[in-house]
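Need coordinates for the following:
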Amino acid sequence: MLQSLFILPGHSHRQLASPLGEWLTPLDSHWIWWHYPATDTLWEHRQLNEWHTLTALPRRYQHRCFSHAGPSVEAPPGNRSRATVRVSGSVARTQDIGASTPQQPAVAPSTLQAAILALPPTCLWAVQHAQSDDHGLTVA
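Down below sits the predicted model:
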């Protein structure tokens, strides 16, 4: 009965009928495989602070294949996506790649002084001298 509620009918690969939604922890430290779309690189998280990179092979199949390039001295970039990978010998094949991790929204300045300091450099000429005893409350 549960299968008929959550799995698309007639799909042998057990695809969910509707996505589960956003991950609660976008950059989970326990997730092993990550994909960085800007360089089409696959990252494997083996142990704490130990990352290995895999480079994309020429596209021949529906799923992307990657070859082990070796350990990396750096962690992967922050805007990476979760990946589900199947390893066969020396080749890793992606089964699925999730949505990229959401960027943290910018926090709005809480005071007039903070808002002025947050202006782009090209706009700072407009406010050269500003004084406010109530953090801009009377202006708002």
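
Walking through this protein, point out its helices one by one.
For the chain, applying DSSP state H gives helices covering 2-6, 112-117.

ok, and for the longest one, which residues are buried?
To tie it back to what came earlier, the one meant is helix 112-117. Neighbour counts over helix 112-117 (16 or more other Cβ atoms under 10 Å) mark 112, 116 as buried. (Each C-beta comes from the backbone N, C-alpha and C, glycine too.)

Report the mean confidence score over it.
The pLDDT scores in helix 112-117 average 78.

CA atoms only: put that helix into PDB for me.
What follows is helix 112-117, C-alpha atoms only, in PDB (Å, rounded to 0.1, in the frame of the first residue of the first chain):
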ATOM      1  CA  LEU A 112      20.900  53.600   8.900                       C
ATOM      2  CA  GLN A 113      24.700  53.500   9.300                       C
ATOM      3  CA  ALA A 114      24.800  49.800   8.400                       C
ATOM      4  CA  ALA A 115      22.700  50.500   5.300                       C
ATOM      5  CA  ILE A 116      25.100  53.300   4.200                       C
ATOM      6  CA  LEU A 117      28.100  51.000   4.700                       C
END
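
Quick check, Ala75 in contact with Glu50.
No - counting by Cβ atoms under 8 Å, Ala75 does not reach Glu50; the two are 9.8 Å apart.

Counting by contacts, list what the strand ranked longest in the chain packs against.
Criterion DSSP state E: the longest strand present in the chain is strand 91-100. For strand 91-100, the packing partners by 3 or more Cβ pairs under 8 Å, 6 or more residues apart in numbering; DSSP states H and E come out as strand 33-36, strand 41-47, strand 65-72, strand 81-88.

do you know which of these lies nearest Gln95?
Gln95 lies closest, by Cβ to Cβ, to one member of those: strand 81-88, at 4.3 Å.
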